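> Structure, please.
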Amino acid sequence: MKFILRKFKESDLASLVKYANNYNIAKFLTNMFPHPYTEENGKDYLSLAINHPGIFAIDVDGEVVGSIGLLPQTDIHQKSAELGYWLAEPFWGNGIVPQAIGEIVEYGFKTFDIVRIYARPFSTNRASQRVLEKAGFTCEARHKKALYKNGEFMDELVYVTFKDEC
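Alright, predicted model coming up:
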């Protein structure tokens, strides 16, 4: 499916809220991505994303259907960036996320002074693990019972790719 990565705009609020307000997305993300996802949540996210050099909208036919971003780390972790993403459920299974990850990894290594990009999917999110593997990431670690969401403990996995491996 054809998509583009682009910077967010204020006018993206309606489509952002429309697609982000989905429990099946929120259950695999930190509590900073709430369900229900309100207009106020969307405004807060846009105020961050619009000016952040590493956060992009996933756009299909002019509508925001997801987001992908790199968050460069600081202090002793300054040569690493964390990858995060979500995609609207109606667009799952179309090959969008592995391709978007490839694009943002290339962008990240060119733009930021980093050597490592990592993602931390929940152990219960097998689809996200497969997407990362398709994009060339390898599982580096499993942190047992590191996550607690919706009354359930889960393991946190760490997937990684390195600049010299791309």
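> So what touches the strand or helix carrying Leu83?
Assessed by DSSP states H and E, Leu83 sits inside strand 80-87. Residues outside strand 80-87 that contact it (C-beta atoms under 8 Å, 6 or more residues apart in numbering): 20, 25, 28-29, 33, 54, 58, 65-73, 96-97, 100-101, 104-105, 108, 112, 114-120. Placement of C-beta: from N, CA and C, glycine included.
> That one: how far from the chain's middle?
Averaged C-alpha coordinates place strand 80-87 at 4 Å from its chain's average position (C-alpha atoms, centre = their mean, to the nearest Å).
> So what's the model's average confidence on it?
The average pLDDT for strand 80-87 rounds to 98.
> now do stretch 48-56
Predicted confidence along stretch 48-56 averages 97 (mean pLDDT).
> Same question for stretch 42-60: list its buried residues.
By neighbour count on 16 or more other C-beta atoms under 10 Å, the buried set for stretch 42-60 is 42, 45-46, 49, 54-60.
> biggest helix in this structure by residues?
helix 96-111 (DSSP state H).
> low-scoring stretches of the protein, by residue?
Residue ranges of the chain with pLDDT under 70: 166.
> what residue is smack in the middle of it?
Centroid-nearest residue in the chain: Tyr85, 1.4 Å away (criterion: C-alpha atoms, centre = their mean).
> measure that residue to Ile117 for me?
In this view, Tyr85 and Ile117 are 12 Å apart by C-beta to C-beta, to the nearest Å.
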